[in-house]
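# next come a sequence and a model predicted from it.
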Amino acid sequence: MPTAPRYHLNVTDHRAKLVIEGDWTVHTLSAVQPELSHLEAADVQALEVDLTGVGRFDTAAAFLIDRFACVQGIDAIEVEGGSDGMRQLLTQAASLRPKPQEETPHEEPHGLVDLLERTGRTTSSLVNEVVDTLAFFGETLMSMFMALVRPTRMRWTALVAVMEDSGLDAVPIVAFLSFFVGMVIAFIGASTLSEFGATIFTVELVGIAVLREFGVVLTAVILAGRTNSAFTAQIGAMRMRQEVDAMTTLGLDPMDVLVVPRAFAMLIMTPVLTLVAMLFGIGGGAFVSWVALDINPTVFLNRIQEFVPIENFWVGMSKAPVFGMIVALVGCRQGLLVGGSVQSLGRSTTKSVVQALFSVIVIDALFAVFYMELGW
Amino acid sequence: MAKVAIKVRDLRTSYSSHVVHEHLDMDVYEGEIVGVIGPSGSGKSVLLRAIVGLKKPDCGTVEVYGENVTGLEGDELREVQTLWGIMFQDGALFSNLTVRENVMAPMREHTDLSKPFMRQLADQKIRMAGLETSAGDKFPSDLSGGMRKRAALARALALDPPILFLDEPTAGLDPITAGAFDKLVRDLQQSLSLTVFLVTHDLDTLAATCDRIVALGDKRVVAAGTMDELRAMDQPWLQEYFGGPRGRAAAAGVK
């Protein structure tokens, strides 16, 4: 068990004598450090330290004592007693004293100015983010165009692999969730509409809602959570391990190799997944109507064909490739922005999912306004 | 003879069916720098991990200052962990903390010093490891390889441990930086009277810093002694190791 450190300071004739006793180590110092740091020995020109009664003594203790001397403006400490090792530690501490300009007190920024500064920074970074995303969009379109013009440049294997990974493998979850959302819409519609005796209109409700909005938005949300984050993580990990740099030096354009196949894959697969979502959504609605409302599936489908205009389907479908592009673009862009640290990978992945979801919802709202003006 | 700081007896470690060490005995004396060498895959790093408790040995004991440290858990483990500092191969600095916060991390965990003093002490350790004070504000990803190693050394020394473990301290450094690092280790070992356990492939490091060398091979210690003693031994791997062009160059460099 270490003994507690003690000290005693004597000042006579501008000479201070510091007698210390006990174990002075990093684990025990907290007992004396606050006092010693604030101790003021007025007008002292020399400091003598008596180490005779010291048990253990380490660099932290040497630093503390040297710091005491430093604050009093004393350069050399006279040492009495103690082993050679202790003296050596004190000498070492003195030789490592910080330069005066490095001694700036550590200040935590706070207050109104900091708030304003952060607001300003965030705003400008938001603007930059939008501009950069648009620039990346343009660059990707260019690369995609080049790939179409010269199909030999296209990475077909990568394209098919991504299509399988983020398209085909997503079918079960998209189908499942759409089915349940279809059921929920039907339930809510049925319970509200039955008050007016208009239960049969559940069919139109399910049809329009699923075809126009839910099918495609649900698909986009699932892809934003599932595929978009995967894109960021894959490309980000490659950046962290300098694989992207290696690619560039080998004459491979990361845009061609990494971004274009993903963009095309999403462009192709999102409409397919949307179709799946629509079919299963309507299926879910039909199931509930059949079980809870006694609407025969045949009646349900006939009524959908008759009373739900086909425009709804096309409106929904027209949004699918746009959302697919958003997911691919945001995912790839954030992946390429990953720096050297693990931290930045996590940050980019979070950012990528948030941005993709945000963009999907906002653009969906713009589409709604657009189609409403067109009168579809 | 000096006191034994680390005493390994009859150690056996394995990864599923692959046995890394068997009947391994080894001593590290207080105040010396021991270099551990051996062919790739001979279990140098695993030995280090077994001693510090990162890899549980199948059987055998590891004693540090006469205290059995094998299989310790919880508070007992925390207690003995203050006896050593470890510098991992690539530094293993926490990437989300600045260098200063990295050095402060063990202090926060094991001491109750005041925050400002801890910060100043961390700065002192950073300077001790040969870095500028301003490096304390940087993140590990902003540092060069050599600086990262120094920062890692500063963190290993944060609590003034009597024993220092270094895993490949000079790997991936240029000869000048590596030489400076060797000197730093030597100087710190002398001024802080540390016991250093050093795993390395670097013959220059061995020649420049180590008091004694332990060669692993065939799942156990095949030879231990000073560089000259090992050089004189009639063991094929050692002969090839020290007799090759690099080995001769390192020996010439010391003389």
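Ah, there it is. Residues are numbered from 1 along each chain as shown, chains lettered A, B, ... in the order given.
# what ranges do the strands span in the chain?
Since no chain was named, I'll use chain A. A:6-12, A:15-24, A:46-57, A:77-80 (DSSP state E).
# let me rephrase: I mean chain B.
Counting by DSSP E, chain B has strands at residues B:4-15, B:18-29, B:33-37, B:59-64, B:67-68, B:84-87, B:163-167, B:195-199, B:212-217, B:220-225.
# look up the pLDDT of the closest residue to B:Pro175 other than its chain neighbours for me, please.
Residue nearest to B:Pro175 in three dimensions, not counting chain neighbours: B:Asp204, with 7.4 Å by CB to CB, 6 or more residues apart in numbering or on different chains. (Each C-beta comes from the backbone N, C-alpha and C, glycine too.) Predicted confidence (pLDDT) for B:Asp204: 81.
# ok, A:Met317 next?
According to the predicted model, the pLDDT of A:Met317 comes to 94.
# and it, how many neighbours?
If you count neighbours by other CB atoms under 10 Å in any protein chain shown, A:Met317 ends up with 17.
# contact partners for the residue in the stretch 151-300 of chain A positioned nearest to chain B?
Residue nearest to chain B within the stretch 151-300 of chain A (CB to the nearest CB): A:Met240, separated by 9.8 Å. If you count contacts by CB atoms under 8 Å, 6 or more residues apart in numbering or on different chains, A:Met240 has them with A:338-342, A:345.
# return only those of those found close to chain B.
Residues shared between those and the neighbourhood of chain B are A:339-342 [CB under 8 Å from any CB of the partner chain].
# pLDDT below threshold where in the stretch 1-150 of chain A?
Within the stretch 1-150 of chain A, the set of residues satisfying pLDDT under 70 comprises A:1, A:40-43, A:100-109.
# near chain B, which residues of it?
Counting by CB under 8 Å from any CB, the positions of the stretch 1-150 of chain A adjacent to chain B are A:25-27, A:29-30, A:33-34, A:37, A:58-60, A:63-64, A:67, A:85, A:88-89, A:92-93, A:96, A:98-99, A:102, A:106.
# surely A:Gln334 meets A:Gly346?
No: because the distance of 11.2 Å does not satisfy CB atoms under 8 Å, A:Gln334 is recorded as not touching A:Gly346.
# comparing those two, which residue is more hemmed in?
Neighbours around A:Gln334 and A:Gly346, counted as other CB under 10 Å, are more numerous at A:Gln334. The numbers are 30 against 14.
# what's near enough to touch the residue in the stretch 151-255 of chain B that chain A sits nearest to?
Using CB to the nearest CB, the point where the stretch 151-255 of chain B gets nearest to chain A is B:Asp160, with a distance of 3.8 Å. With contacts defined as CB under 8 Å, 6+ apart, B:Asp160 is in contact with A:25-26, A:58-60, B:192.
# change it to 10 Å
A:25-27, A:56-62, A:89, B:82, B:85, B:125, B:192, B:194 (CB atoms under 10 Å, 6 or more residues apart in numbering or on different chains).
# pop the domain breakdown of chain A in here.
Residue ranges of the domains in chain A are recorded as A:6-102, A:128-374, according to automatic domain parsing.
# any idea which of those domains is most buried?
Each of these was assessed for mean neighbour count using mean count of other CB atoms under 10 Å in any protein chain shown. The highest is domain A:128-374, with a mean of 19.
# can you give me the end-to-end span of that domain?
Its first and final residues considered, domain A:128-374 spans 33 Å by CA to CA, to the nearest Å.
# ok so, going back, among the domains of chain A, which is nearest B:Gly71?
The closest approach between B:Gly71 and any of the domains of chain A, judged by CB to CB, belongs to domain A:6-102 at 24.4 Å.
# just give me how far that closest one sits from the chain centre.
From the chain centre to the centre of domain A:6-102 is a distance of 47 Å (CA atoms, centre = their mean, to the nearest Å).
# and for stretch A:336-347?
In this view, stretch A:336-347 has its centroid 9 Å away from the chain centroid, taken as CA atoms, centre = their mean.
# mind listing what residue 44 touches?
By default, I'm working from chain A. Under the criterion of CB under 10 Å, 6+ apart, the neighbours of A:Val44 are A:9, A:11, A:13-16, A:69, A:72-74.
# oops, I was thinking of chain B
The neighbours of B:Lys44, taking CB under 10 Å, 6+ apart as the test, are B:20, B:35-38, B:167-168, B:198-201, B:214-216.
# same question for A:Thr270.
Taking CB under 10 Å, 6+ apart, we find A:Thr270 in contact with A:166-167, A:170, A:216, A:219-220, A:223, A:227, A:317, A:319-328.
# looking at chain B, which helix is longest?
Of all the segments assigned as helix in chain B under DSSP state H, the longest by residue count is helix B:175-191.
# which other helices and strands contact that one?
Helices and strands touching helix B:175-191, by 3 or more CB pairs under 10 Å, 6 or more residues apart in numbering or on different chains; DSSP states H and E, are helix A:59-72, helix A:84-95, strand B:33-37, helix B:115-128, helix B:145-156, strand B:163-167, strand B:195-199, helix B:203-209.
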